[in-house]
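# Output the structure for:
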Amino acid sequence: MGRTVLVTGVSRHVGSRLVHRLNDEPGVDRVIGIDVVPPRSDLGRAEFVRADIRNPIIAKVIGAAEVDTVVHLSVNSAGPGSGGASAKELNVIGTMQLLAACQKAPSLRRLIVKSTTTVYGASAKDPALFTEAMEPVVPPRAGFAKDAIEVETYVRGFARRRADVGVCVLRFANFIAPDVDSPFTRLFTLPVIPTVLGHDARLQFVHFEDALEVLRRAVVGDHHGVFNVAGEGVLLLSQAARRAGRPTLPVPGPTVSTLGGLARRIGAFHLSGEIVQYLTHGRAVDTTRLSRVFGYVPRMSTAEAFDDFLAARGRGPITPDRVGAAADRAFDLVRSVTRFVPSPRLAVPAGLRGNADD
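Numbers count the residues shown, from 1 in each chain. Presented below is the predicted three-dimensional model:
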């Protein structure tokens, strides 16, 4: 008999897309999607159950359907307009309730959890590459990263209690693709990209299609343990900005947070404190275990995934005229939210007027 797979978080893009892939999988007989709100698109042959994983009713759903594989995709950051407290409750309390339901399910054989590389934090003391066995040098104390660490702690406890269940934790780098809408994709649509003065962060992405393929293989395969999932290589923030045809505006760290707060209030994009930390120090992970143990090498590197995102949006290289125009708009924005720029006649920094090919 084929597998009966339950997927949480199907109202989000990654959940609905994974469900459609599993619908076409010959080894999967039944797919059940769970979320508190209906998905925006039709789930095909999959069944949708409107339920909150924080409610013990989730145990009845798993038991009645004799689910053998659970894919937990409901661990997400708080987006614009959503409260951090409500996101934490769904991430942490929701995971606790789901794991309690899984523990009572005799039919369960596989648990796949979507986690994030933000569990490693971002600090000036970080190693060049984080392996799955490493702990964060400076542990995150708040936000999505802290939620993800707590979720992984509960998952490890579940794995000890249910040794008969194969547990796979996938730590994804930031998703990127033409159809991905996130704080990072929005950042590179700004006329000028704010950066932290004196820093040039290392960025790492995974193409959305590669992420879906890893999730699919985790469901139909027999993979155990923790895996970093990211495209090969890194991009410096300055390199990514040049590829996007966007000049950068180096400002002190607190000013970046101020600009992010203003942008969040007007609904432009969301820059949380942990994102500012990432844009300051960056982060990169080692994916050797993904290729050697899991058996998958992402089709696109970090740079190729980023270029695919840009190509779909018609972005081009920086030209001197675009630099000057964007710099003027940037200084107008800075003057509106901070006293950092004292004079309207302040000259454009030399770095912004430099060689467009640097």
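# CA only for contacts and neighbour counts going forward, please
OK.
# The closest residue in space to Ala105 that isn't next to it in sequence: neighbouring residues, count only.
Spatial nearest neighbour of Ala105, excluding adjacent residues (Cα to Cα, 6 or more residues apart in numbering): Gly63 at 5.9 Å. Counted with other Cα atoms under 10 Å, the neighbours of Gly63 add up to 17.
# quick one, phi/psi of Gly63?
Dihedral pair for Gly63: phi -70, psi -40, per degrees, to the nearest 10.
# For it, give its distance to Leu190.
Using Cα to Cα, to the nearest Å, Gly63 is found at 48 Å from Leu190.
# try Arg54
As judged by Cα to Cα, Arg54 and Leu190 stand 37 Å apart.
# Asp307 in helix, strand or coil?
When classified by DSSP: H, G, I helix; E, B strand; the rest coil, Asp307 comes out as helix.
# That one: what's it in contact with?
Contact analysis of Asp307 by Cα atoms under 8 Å, 6 or more residues apart in numbering lists Arg243.
# Would you check that the residue nearest to Ala105 makes contact with Val70?
No: if you go by Cα atoms under 8 Å, Gly63 and Val70 don't touch, sitting 11.9 Å apart.
# can you give me the mean pLDDT across stretch 292-301?
For stretch 292-301, mean pLDDT rounds to 97.
# Start at 42, not 1
Yep, numbering from 42; the last one is stretch 333-342 now.
# For the helix or strand Leu152 falls within, enumerate the helices and strands it packs against.
Applying DSSP states H and E as the criterion places Leu152 in strand 151-157. Contacts defined by 3 or more Cα pairs under 8 Å, 6 or more residues apart in numbering; DSSP states H and E place strand 151-157 against strand 110-113, helix 184-202, strand 207-213, helix 249-261.
# by how many degrees do that strand and helix 184-202 diverge?
160 degrees (axes from the mean of the first three to the mean of the last three Cα atoms, to 10 degrees).
# Just the CA trace of strand 151-157, in CSV.
Once non-C-alpha atoms are left out, strand 151-157 reads as follows in CSV (Å, rounded to 0.1, in the frame of the first residue of the first chain):
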residue,chain,number,x,y,z
ARG,A,151,7.9,9.3,9.2
LEU,A,152,8.1,12.9,10.4
ILE,A,153,9.6,15.6,8.2
VAL,A,154,10.1,19.1,9.7
LYS,A,155,10.8,22.2,7.8
SER,A,156,13.3,24.2,9.8
THR,A,157,15.7,27.1,8.9
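# Rounded mean pLDDT for that strand, please.
Average pLDDT, strand 151-157: 97.
# can you give me the angle it makes with strand 207-213?
20 degrees.
# What pairs with strand 151-157, parallel or antiparallel?
Paired neighbours of strand 151-157 in the sheet (DSSP bridges): strand 110-113 (parallel), strand 207-213 (parallel).
# Dump those strands into JSON lines; add mean neighbour count as well.
Formatted as JSON lines, the strands paired with strand 151-157 follow (neighbours: other Cα atoms under 10 Å):
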{"stretch": "strand 110-113", "mean neighbour count": "24"}
{"stretch": "strand 207-213", "mean neighbour count": "22"}
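# a markdown table for these, including mean pLDDT and distance to Leu351?
A markdown table is the format used below for those (pLDDT from 0 to 100; distance: least, Cα to Cα, whole Å):
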| stretch | mean pLDDT | distance to Leu351 |
| --- | --- | --- |
| strand 110-113 | 98 | 30 |
| strand 207-213 | 98 | 21 |
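# among those strands, which is nearest Ala344?
Comparing those against Ala344 with Cα to Cα, the closest turns out to be strand 207-213 (16.1 Å).
# what's the angle between the closest one and helix 249-261?
Between the axis of strand 207-213 and that of helix 249-261 there is an angle of 170 degrees, by the same axes, to 10 degrees.
# any idea how far the helix or strand following strand 207-213 is from the chain center?
Reading on from strand 207-213 to the C-terminus, the next helix or strand found by DSSP H and E is strand 215-217. Computed by Cα atoms, centre = their mean, to the nearest Å, the chain-centroid distance of strand 215-217 equals 6 Å.
# tell me what strand 215-217 is packed against?
Of the remaining helices and strands, those touching strand 215-217 by 3+ Cα pairs under 8 Å, 6+ apart are strand 246-248, helix 249-261, helix 343-353.
# of all those, which gets the most neighbours per residue?
Comparing the helices and strands packed on strand 215-217 by mean neighbour count (mean count of other Cα atoms under 10 Å), strand 246-248 ranks first with a mean of 27.
# contacting residues around that one?
Identification of contacts with strand 246-248 by Cα under 8 Å, 6+ apart yields 213-218, 270-272, 275, 339, 341-343, 346-347.
# any idea of the mean pLDDT for it?
For strand 246-248, mean pLDDT rounds to 98.
# roughly how far is that strand from the heart of the chain?
Here strand 246-248 is found 9 Å from its chain centre; the criterion is Cα atoms, centre = their mean.
# That strand - which strands sit beside it in the sheet, and in what orientation?
As defined by DSSP bridges, the strand partners of strand 246-248 come to strand 215-217 (parallel).
# mean confidence for the partner strand?
Here strand 215-217 scores 96 as its mean pLDDT.
# just checking, next helix/strand downstream of that strand?
Next along the chain after strand 215-217, taking DSSP H and E as the criterion, comes helix 224-228.
# Quick one: residues in contact with the next helix or strand along the chain from that following helix.
Sequence order places strand 234-237 as the next helix or strand after helix 224-228, per DSSP H and E. The contact list for strand 234-237, computed with Cα under 8 Å, 6+ apart, reads 228, 282, 287-294, 297, 320-321.
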